[in-house]
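# Got a predicted structure here, sequence first:
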Amino acid sequence: MTMDEYQQKALTTAKDDGVELMHRALGVASEAGEIAGKLNKWLRDYKGDITKLDKKALAAEIGDLLWFTATLSENIGFSLDEIAKMNLKKLADRKKRGVLTHAEGDNR
């Protein structure tokens, strides 16, 4: 399945209630927080022991994040393939200029 195929299938489960942009943007933040929370508890409880990580539960949260990302992208007029290509181009440019790992903000 391509990213665009996923996006089109995800959109078949999306409701249109007039506040999609904010609902989906907040959903991205919420799901990212759930991922961070699961990892935080794993780190706290198991000291980062990878054998104790509930990968299926983490994958489920990543799936929810992907759904919100796919539907948010469509709300602003981009396919996931387009977003992915733009991101890789940005990262390749940063790598070429030697600023890939520097924490200097968006416009590095």
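Noted; the coordinates are in hand.

# What is the lowest-mean-pLDDT helix or strand in the chain packed up against?
Least confident helix or strand of the chain, by mean pLDDT, DSSP states H and E, is helix 80-96 with a mean of 95. Helix 80-96 sits against helix 3-11, helix 55-75, with contacts defined as 3 or more CB pairs under 8 Å, 6 or more residues apart in numbering; DSSP states H and E. C-beta coordinates here come from the backbone N, C-alpha and C atoms, glycine included.

# for the helix ranked longest in the chain, packing partners?
Counting by DSSP state H, the longest helix found in the chain is helix 20-46. Where contact means 3+ CB pairs under 8 Å, 6+ apart, helix 20-46 is packed against helix 55-75.

# thinking again about what came up before, tell me the gap between the longest helix of the chain and the middle of its chain.
10 Å (CA atoms, centre = their mean, to the nearest Å).

# just the angle between it and helix 55-75, please?
If you take axes from the mean of the first three to the mean of the last three CA atoms, to 10 degrees, helix 20-46 sits at 160 degrees to helix 55-75.

# Sort out which residues of helix 20-46 are buried, please.
For helix 20-46, the neighbour count (16 or more other CB atoms under 10 Å) marks 20, 23, 24, 27, 28, 31, 32, 34, 35, 38, 42 as buried.

# repeat for stretch 48-68
Going by neighbour count (16+ other CB under 10 Å), the buried part of stretch 48-68 is 61, 64, 65, 66, 67, 68.

# For it, output the C-alpha coordinates as PDB.
Output of stretch 48-68 as PDB, limited to C-alpha atoms (Å, rounded to 0.1, in the frame of the first residue of the first chain):
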ATOM      1  CA  GLY A  48      14.600   1.100  28.600                       C
ATOM      2  CA  ASP A  49      14.800  -2.700  28.400                       C
ATOM      3  CA  ILE A  50      13.700  -3.200  24.800                       C
ATOM      4  CA  THR A  51      12.400  -6.700  25.600                       C
ATOM      5  CA  LYS A  52       9.800  -5.100  27.900                       C
ATOM      6  CA  LEU A  53       8.500  -2.600  25.300                       C
ATOM      7  CA  ASP A  54       4.900  -3.200  24.300                       C
ATOM      8  CA  LYS A  55       5.600  -2.800  20.600                       C
ATOM      9  CA  LYS A  56       2.000  -3.700  19.500                       C
ATOM     10  CA  ALA A  57       0.500  -1.000  21.700                       C
ATOM     11  CA  LEU A  58       3.100   1.500  20.500                       C
ATOM     12  CA  ALA A  59       2.300   0.500  16.900                       C
ATOM     13  CA  ALA A  60      -1.400   1.100  17.500                       C
ATOM     14  CA  GLU A  61      -0.700   4.600  18.700                       C
ATOM     15  CA  ILE A  62       1.600   5.300  15.700                       C
ATOM     16  CA  GLY A  63      -1.300   4.100  13.500                       C
ATOM     17  CA  ASP A  64      -3.600   6.600  15.200                       C
ATOM     18  CA  LEU A  65      -1.000   9.300  14.600                       C
ATOM     19  CA  LEU A  66      -0.800   8.300  11.000                       C
ATOM     20  CA  TRP A  67      -4.600   8.600  10.600                       C
ATOM     21  CA  PHE A  68      -4.600  12.100  12.000                       C
END
